[in-house]
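**Student:** For reference, the sequence and a predicted model appear below.
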Amino acid sequence: MKLEILDLGDRKARFVLSGVTPAFANALRRAMLADIPKMAIDYVDIYDNTSVMFDEMLAHRLGLIPLKTNLNMYKLKEECDCKGAGCSLCQVTFTLSAEGPCMVHSRDLKSSDPETVPADDNIPIIELKEGQKLVLTAVARLGRGKEHAKYQPVCPPGYKYVPIIEISEKCDSCKQCVEACPRGVFAVDNNKVVVVSPYECSMCELCMEACDINAIKVSADNTAFIFSVETDGSFSAGEVVTRAADAIRAKAVALGEVMESL
């Protein structure tokens with residue numbers, strides 16, 4: 001297995017994973033979506049709501065606000081010593097009090113933990129008109145994406161096969177493939193067509209259609225994949241990939257123990 005990082009930012013990552021099967025690539029994608037614990041608002045007490053939005057819709061909207069998560073500080077409620085009753089080790093409390101006219105944003109949520117806060121300050125929650133009020137308390141807990149979409153730390157990650165682009169010696173450098181490619185995969189160097197950005201290829205095969213002498217062949221490497229990952233801000237992109245790999249490893253170890261006990 002080999003990992004090549006193409007782009008790594010705070011919330012976005014792009015990398016090539018090679019030497020693996022399609023099943024493993026899909027397992028990594030699913031682990032990012034479903035197996036990484038993340039904080040999200042799970043319970044809301046609304047004391048006063050004279051806005052135009054029903055309590056249920058307001059609670060749903062609060063639950064979808066991404067929260068920065070430190071997994072070293074909190075436990076899943078089923079793993080906590082309080083057995084899910086609620087304590088400072090498994091939950092964070094938020095309060096919100098606002099009166100119109102104003103737009104209530106995610107930054108107006110006041111957290112009991114300064115590290116567990118909305119990933120973005122400017123997420124709109126509700127617009128309050130003159131005389132309207134909103135007073136509530138919310139509780140955030142850890143959960144996994146397989147329980148609810150609000151616990152997914154990533155926008156759906158995607159991957160594709162690494163393209164294999166071959167240019168035969170009979171290429172006459174007519175440049176038709178260069179002009180036909182919408183992604184700038186080809187260029188002309190010393191009057192010769194060369195591949196300059198192979199990972200940008202979408203395998204649309206427009207270059208093959210443009211080549212009258214069939215000098216270009218595009219295929220796919222089914223053991224190498226280009227991943228694109230974008231988080232919602234609850235974790236960094238690098239941490240999401242690392243924790244997804246750890247989740248797969250933990251499952252493999254658990255399966256091995258079960259097999260040995262049979």
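**Tutor:** Arrived safely, thanks for sending.

**Student:** Now do the helices in the stretch 101-250 of the chain.
**Tutor:** For the stretch 101-250 of the chain, applying DSSP state H, counting those that start in this stretch gives helices covering 176-180, 206-210, 237-261.

**Student:** buried ones in the second one?
**Tutor:** To tie it back to what came earlier, the one meant is helix 206-210. Of the residues in helix 206-210, Leu206, Cys207, Met208, Ala210 count as buried by neighbour count, 16 or more other Cβ atoms under 10 Å. Yep, even glycine has a C-beta here, placed from its N, CA and C like the rest.

**Student:** could I get those as a markdown table with pLDDT?
**Tutor:** Shown next, in a markdown table, are the buried residues of helix 206-210 (pLDDT from 0 to 100):
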| residue | pLDDT |
| --- | --- |
| Leu206 | 90 |
| Cys207 | 89 |
| Met208 | 89 |
| Ala210 | 87 |
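
**Student:** What is the nearest of the residues you listed to Gln132?
**Tutor:** Nearest to Gln132 among the buried residues of helix 206-210 is Leu206, at 55.3 Å by Cβ to Cβ.

**Student:** now what about stretch 191-208, what contacts it?
**Tutor:** 6, 16, 160-163, 165, 167, 171, 173, 175, 177-178, 180-188, 214, 216-218, 220, 226 (Cβ atoms under 8 Å, 6 or more residues apart in numbering).

**Student:** Return the members of the residues you listed classed as buried.
**Tutor:** With burial judged by 16+ other Cβ under 10 Å, the buried subset of the contacts of stretch 191-208 is 16, 161-163, 165, 167, 173, 177-178, 180-181, 185-186, 216, 218, 226.

**Student:** Out of the residues you listed, which comes closest to Leu262?
**Tutor:** For these, the minimum distance to Leu262 (Cβ to Cβ) is 36.4 Å, reached by Tyr161.

**Student:** Just list whatever residues bridge to the closest one.
**Tutor:** Phe225 (DSSP bridges).

**Student:** tell me the pLDDT at Ala252?
**Tutor:** You'll see Ala252 listed with a pLDDT of 90.

**Student:** looking at the helices of the stretch 101-250 of the chain, which is closest to Arg144?
**Tutor:** Arg144 lies closest to helix 237-261 among those, at 9.3 Å (Cβ to Cβ).

**Student:** which residues are contacting that closest one?
**Tutor:** Applying Cβ under 8 Å, 6+ apart, the external contacts of helix 237-261 come out as 8-13, 15, 27-28, 31-32, 35-36, 71, 153-154, 227, 229-231, 235.

**Student:** dump the residue contacts of the residue nearest the centre of the chain.
**Tutor:** In the chain, the residue lying closest to the centroid (Cα atoms, centre = their mean) is Val154, at 2.0 Å. Going by Cβ under 8 Å, 6+ apart, Val154 touches Met32, Leu33, Val229, Glu230, Thr231, Asp232, Val240.

**Student:** In strands, which of those fall?
**Tutor:** Cross-referencing the contacts of Val154 against strands under DSSP state E gives Val229, Glu230, Thr231.

**Student:** Identify, from these, the entry nearest to Ser106.
**Tutor:** Closest approach to Ser106 among these (Cβ to Cβ): Thr231, at 16.3 Å.

**Student:** pLDDT at the closest one, what is it?
**Tutor:** In this model, Thr231 carries a pLDDT of 95.

**Student:** So what pairs up with it in the strands?
**Tutor:** Note on Thr231: beta-bridge partners Val154, judged by DSSP bridges.

**Student:** ok, it - contacts?
**Tutor:** Thr231 sits next to Arg11, Lys12, Pro153, Val154, Cys155, Ala237, Val240 when contact means Cβ under 8 Å, 6+ apart.

**Student:** thinking again about what came up before, of the buried ones among the contacts of stretch 191-208, which one scores lowest on pLDDT?
**Tutor:** Lowest pLDDT among the buried ones among the contacts of stretch 191-208: Ser173, with 82.

**Student:** okay but that one is in contact with Val188, surely?
**Tutor:** Yes - taking Cβ atoms under 8 Å as the definition, Ser173 is a contact partner of Val188 at 6.7 Å.

**Student:** Can you get me a residue count around Val92?
**Tutor:** Look at Val92: counted by other Cβ atoms under 10 Å, it has 22 neighbours.
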